[in-house]
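Peer 1: I would like the atomic coordinates for the input below:
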Amino acid sequence: MTTEQIKLVKRTWRVFMHVSPATLGELFYSKLFSDNPSLRKIFPGNKLQQYQKSIDTLNAIVMRLDKPDELTEEVAAMARRHLHHGARLVHYKLAGSALLWTLQKGLGEDWNDDVQHAWTACFTVLANTMMNTASFAENAG
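Peer 2: Below you'll find the model as predicted:
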């Protein structure tokens with residue numbers, strides 16, 4: 001990610017910091033499960049706790065985008081948790097699509113090509129780190 005993309009992701013994320021995790025989580029997971037019903041089984045717990053945890057994690061990631069060493073360990077830990085719950089490499093692309101859709105809906109007219117490219121770059125970094133961790137864990141296990 002470029003410095004400008006990091007700034008753009010952080011700036012646009014501020015909008016979502018004022019939205020309840022329940023609202024964001026419902027939007028994201030509704031889209032994810034609507035497009036991919038089989039993924040529902042990976043998230044069997046309390047929905048509100050899951051929403052809060054997802055938003056807290058995304059917030060921590062966005063805040064650390066300019067600190068790659070800290071970010072890598074956070075994302076790798078998240079990948080290990082997801083793998084434990086049944087997530088597979090193919091699921092990351094599906095989650096990324098739902099995330100970008102959620103961000104687009106949330107930003108409305110403020111969503112543009114630059115924002116889309118920045119968030120796509122952000123998710124690509126996250127997904128690659130998670131997939132590398134998950135792939136290593138799957139091959140080691």
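Peer 1: Show me what the least confident helix or strand in the chain by mean pLDDT is packed up against.
Peer 2: Lowest by mean pLDDT, DSSP states H and E among the helices and strands of the chain is helix 68-84, with a mean of 73. In terms of contacts (3 or more CB pairs under 8 Å, 6 or more residues apart in numbering; DSSP states H and E), helix 68-84 is packed against helix 47-63, helix 113-140. Placement of C-beta: from N, CA and C, glycine included.
Peer 1: and after it, which helix or strand comes next?
Peer 2: With elements assigned by DSSP states H and E, the helix or strand that comes after helix 68-84 is helix 89-107.
Peer 1: quick one: contacts of the strand or helix carrying residue 7?
Peer 2: Residue 7 belongs to helix 3-16 when assigned by DSSP H and E. Contact partners of helix 3-16, identified using CB atoms under 8 Å, 6 or more residues apart in numbering, comprise 1, 24, 55, 58-59, 62-63, 65-66, 103, 106-107, 110, 114-115, 117-119, 121-122.
Peer 1: circling back: dump the helices and strands packed on helix 68-84 into JSON lines; add distance to residue 97, mean neighbour count and mean pLDDT as well.
Peer 2: Listed next are those as JSON lines, based on distance: least, CB to CB, whole Å; neighbours: other CB atoms under 10 Å; pLDDT from 0 to 100:
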{"stretch": "helix 47-63", "distance to residue 97": "15", "mean neighbour count": "16", "mean pLDDT": "86"}
{"stretch": "helix 113-140", "distance to residue 97": "9", "mean neighbour count": "16", "mean pLDDT": "79"}
